[in-house]
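*Asks:* For reference, the sequence and a predicted model appear below.
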Amino acid sequence: MGGPTHELTRAHWDRVIDVNLDGVVNAVLAVYPGMVERGSGHIVATSSGAGLAALPFVTAYAATKHAVVGLALGLRPEAALHGVRVGVLCPGAVETPALDRLPADNLPRTATPPVTARQYLSVVGQKPVEVDRFARLALEGVARNRAIIAVPTSARTLWYLHRLSPALVGRISSALARRVDRELSAPRRKPPR
């Protein structure tokens, strides 16, 4: 769920938090105690490339995905004491039907009609990776017990660039914000009544 952050209501934020963060927390609560008891297991939390370097107009999404990265990285050393592995999967855009999905109809309407993730990705110049390629790369990272599994290369590159030069990524994000607003938000925004 994205769009101009100032237009999102508490209901929008609650939905994103419920799915992206609370869903992971609930899964950890369901499986982790048993893994500790057995002395083995492997948790792979799903975040996003946006959990490593936030892009504009997906603020609520990026915030929750950053939280999932923090959850996994915080749990990893503690879990290792009990023989449990923990990693976090941070995919870039993957070619799935989710790219064409709009927010649920039961959420409040915003002044700017929603766009699909595919529309957003086309404006920011990101091409989705095929599912099979993504799955192969992700499973390689899990097998290697990587703490952060950023796939495909575009997600890993953005993460590395963000770590090396946050200021540069900030300038790129500002340029992307202007482009997204110009091409997706401003032309679709309803005029005030």
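*Replies:* Looks like it arrived, so ask away. For clarity, every value in this text was computed on a predicted model and none was experimentally measured.
*Asks:* if I pick the closest residue to Val28 other than its chain neighbours, what's in contact with it?
*Replies:* Take Val28 and drop its neighbours on the chain: the residue closest to it by Cβ to Cβ, 6 or more residues apart in numbering is Ile43, 6.5 Å away. For glycine as for every other residue, the C-beta is placed from the backbone atoms N, C-alpha and C. Taking Cβ atoms under 8 Å, 6 or more residues apart in numbering, we find Ile43 in contact with Ala27, Val28, Val31, Tyr32, Met35, Ala72, Leu75, Ala79, Val84, Arg85, Val86, Gly87.
*Asks:* Output the contacting helices and strands for the longest strand along the chain.
*Replies:* Ordering each strand of the chain by length in residues (DSSP state E) puts strand 84-91 first. Applying 3 or more Cβ pairs under 8 Å, 6 or more residues apart in numbering; DSSP states H and E, one finds that strand 84-91 makes contact with helix 23-38, strand 41-46, helix 59-80, helix 131-143, strand 148-151, helix 153-164.
*Asks:* List the contacts of Ala11.
*Replies:* With the criterion set at Cβ under 8 Å, 6+ apart, Ala11 makes contact with Leu107, Pro108.
*Asks:* Check which residues of the helix or strand where it lies are buried.
*Replies:* Counting by DSSP states H and E, the secondary-structure element that holds Ala11 is helix 10-16. The neighbour-count check on helix 10-16 (16 or more other Cβ atoms under 10 Å) flags His12, Trp13, Arg15, Val16 as buried.
*Asks:* pLDDT score for Asp105?
*Replies:* According to the predicted model, the pLDDT of Asp105 comes to 81.
*Asks:* What of the one 5 residues further on?
*Replies:* At Thr110 the predicted local confidence, pLDDT, stands at 87.
*Asks:* quick thing: my sequence starts at 208, can you match it?
*Replies:* Taking 208 as the first residue, the last one we looked at is Thr317.
*Asks:* neighbours of the residue nearest to it when sequence neighbours are not counted, just the number please.
*Replies:* On the basis of Cβ to Cβ, 6+ apart, the spatially nearest residue to Thr317 that is not a chain neighbour turns out to be Glu214, at 4.0 Å. As a burial measure, Glu214 scores 14 neighbours (other Cβ atoms under 10 Å).
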